[in-house]
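Novice: take this sequence and fold it.
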Amino acid sequence: MNGPTATSQSVPLAQAHALSARHYFGDDMLALERRQVFGRSWQLVAHQGQLAEPGDHVVEDVAGTPVLLLRGRDGALRAFVNVCRHRAGPLAHCSGKGLHALRCRYHGWLYSQEGQLVAAPEMQDAADFRVEDVRLPQLRLAQWQGLVFVTLADDTPEFDSVYGGIAERIAPIDLATMRHTRRDAYEVRCNWKVYVDNFLEGYHLPIVHPGLSKVLDYRAYDTELFAWYSLQHSPLRNNDGIYGDGEAFYYFVYPNVMLNVMPGRLQTNRILPLGPDRCRVEFDYYYAQDPAALARIERDRCFSDEIQAEDIAICESVQRGLASGFYDAGRLCPKREGGVWHFHERLRAAYARGAT
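Specialist: Here you go, the predicted model:
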């Protein structure tokens, strides 16, 4: 078991408590997480199908920062801060195709596809102003298994040190060959961490998810911890064609990405805070293009919708419980809640870093 980096605050799993209730409330806490958690981690922003051709572009928000991804005429994929260096106007308003000129939508400053300013209308009277001195900030970018990630921070660990080992573990499943089919999004009335906490343990399966419990083998359900991610996995059984034969892999990659891998199917989840007590959960579905996987799409969707409704209901109830004033920080179950402990230890380290 490779747990999170030890800190002075670390407590072994067998002695651990969950985060206290105060961590799930308040604009100050959310601002700290935006800086120290979301702003210093790899964030899933697109899939390669959205950025296949020159001029294809994706506009996203990462930890409050507008971000623009662009496939250039040279074939290179680049990520920029979507903020003009003149007076902070946007270079693109929305995702789409055919963006061959990076022209600010406010005053018309023009940048090359490499981010270099090439024209600034009517700036000839500005003393000591040279277009060659102005460039858009470019962000670190990574492409993995058909997915695209960016990070705002220079000191975020190398991408391979975060996601390394996942593709090898799930082989021969090849996520890169799967085709994006749809996105479902939900707004949930809970702090983003409540939703992540819920994902990170199978302890609640027999109570909250009776249907899913029939498909997964709870006795064989196991959690493994790595430096930046955790894995819950179980053999599949009695699933009546929903998932096929094999194993279920539920990966959580700190701080807010979930990779739910079944035979012939990948479901990614992004958990995005909308406020201290609200979050947006985005489900993107990818399927292998063989007949067996394609035949399962509709049943998979119906079953996933059922599970999601159960999760939303319990997460919103937990948020109310956290707000009740009668809960602080309960003990964790060492057998079933190692993933929760792992996540909370990562968060505690981030909070401590932000306090220095």
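
Novice: end to end on stretch 123-130, go ahead and measure it.
Specialist: With Cα to Cα, to the nearest Å as the measure, stretch 123-130 spans 9 Å from end to end.

Novice: can you name the element that comes right after the longest helix along the chain?
Specialist: As assigned by DSSP state H, the longest helix anywhere in the chain is helix 297-322. Note on helix 297-322: by DSSP states H and E, the next helix or strand toward the C-terminus is helix 338-355.

Novice: now do that next one: distance to the chain's middle.
Specialist: 17 Å (Cα atoms, centre = their mean, to the nearest Å).

Novice: what is that helix packed up against?
Specialist: Helix 338-355 is packed against helix 27-36, helix 192-199, strand 222-225, strand 229-235, with contacts defined by 3 or more Cβ pairs under 8 Å, 6 or more residues apart in numbering; DSSP states H and E. Bear in mind the C-beta positions are built from the backbone N, C-alpha and C, glycine included.

Novice: pull out the buried residues from the shortest one.
Specialist: Counting neighbours by 16 or more other Cβ atoms under 10 Å, one finds that the buried residues in strand 222-225 are T223, E224, L225.

Novice: next, format these as TSV and append pLDDT and distance to G275.
Specialist: Converted to TSV, these look like this (pLDDT from 0 to 100; distance: Cβ to Cβ, whole Å):
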residue	pLDDT	distance to G275
T223	97	30
E224	97	33
L225	97	30
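
Novice: out of those residues, which one sits closest to N239?
Specialist: T223 (20.9 Å; Cβ to Cβ).

Novice: can you give me the helices for the stretch 51-200 of the chain?
Specialist: 159-163, 166-170, 192-199 (DSSP state H, counting those that start in this stretch).

Novice: to G89, which of the ones you listed lies closest?
Specialist: Using Cβ to Cβ, the helices of the stretch 51-200 of the chain put helix 192-199 closest to G89, at 29.6 Å.

Novice: how far away is the residue located most distally from the centre of the chain from E60?
Specialist: No residue in the chain sits farther from the centre than D125, which is 45.8 Å out by Cα atoms, centre = their mean. Distance from D125 to E60, counting by Cβ to Cβ, to the nearest Å: 36 Å.

Novice: find the centremost residue of this protein, please.
Specialist: Geometric centre of the chain, nearest residue: V257, 3.1 Å, by Cα atoms, centre = their mean.

Novice: tell me the contacts of that residue?
Specialist: When contacts are counted by Cβ atoms under 8 Å, 6 or more residues apart in numbering, V257 touches W42, Q43, L44, T268, N269, R270.

Novice: what's across from it in the sheet?
Specialist: Taking DSSP bridges as the rule, V257 bridges to V253, R270.

Novice: what does the one 5 residues further on give?
Specialist: Applying DSSP bridges to M262 yields these beta-bridge partners: R265.

Novice: correct me, but it touches A248?
Specialist: Yes. Counting by Cβ atoms under 8 Å, M262 touches A248, with 5.9 Å between them.

Novice: now the common contact residues for the two.
Specialist: Contacts common to M262 and A248, judged by Cβ under 8 Å, 6+ apart, are L236.

Novice: more neighbours: the two, which one.
Specialist: Neighbours per residue (other Cβ atoms under 10 Å) separate M262 from A248, with M262 holding more: 23 against 20.

Novice: the domain parsing of the protein - what is it?
Specialist: Under the assignment automatic domain parsing, the domains of the chain span 13-41+176-355, 43-144.

Novice: in a markdown table: those, plus distance to E168.
Specialist: A markdown table is the format used below for those (distance: least, Cβ to Cβ, whole Å):
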| stretch | distance to E168 |
| --- | --- |
| domain 13-41+176-355 | 12 |
| domain 43-144 | 12 |
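
Novice: nearest to P157, of those?
Specialist: Closest of the domains of the chain to P157 is domain 13-41+176-355, at 7.2 Å (criterion: Cβ to Cβ).

Novice: and the spatially closest residue to L175 that is not a sequence neighbour, what does it touch?
Specialist: Setting aside the residues directly before and after it, L175 is nearest to Q145 in space (Cβ to Cβ, 6 or more residues apart in numbering), at 4.0 Å. Contacts here follow Cβ under 8 Å, 6+ apart; on that basis Q145 touches A167, D174, L175, A176.

Novice: let me know whether the last one touches G146 as I believe.
Specialist: Read that as A176. Yes. Counting by Cβ under 8 Å, A176 touches G146, with 4.4 Å between them.

Novice: more neighbours, these two?
Specialist: Legend: neighbour count by other Cβ under 10 Å for A176 and G146, higher for G146 (17 against 13).

Novice: phi, psi of the more buried one?
Specialist: Main-chain torsions, G146, degrees, to the nearest 10: phi 80, psi 0.

Novice: follow-up on the earlier one: turn the buried residues of strand 222-225 into TSV, columns for distance to L152.
Specialist: Formatted as TSV, those follow (distance: Cβ to Cβ, whole Å):
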residue	distance to L152
T223	30
E224	29
L225	26
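
Novice: of these, closest to S317?
Specialist: S317 lies nearest to T223 out of the buried residues of strand 222-225, by Cβ to Cβ, at 23.5 Å.

Novice: please report how far that closest one lies from P255.
Specialist: 18 Å.

Novice: likewise V208?
Specialist: To P255, V208 is 23 Å away according to Cβ to Cβ.
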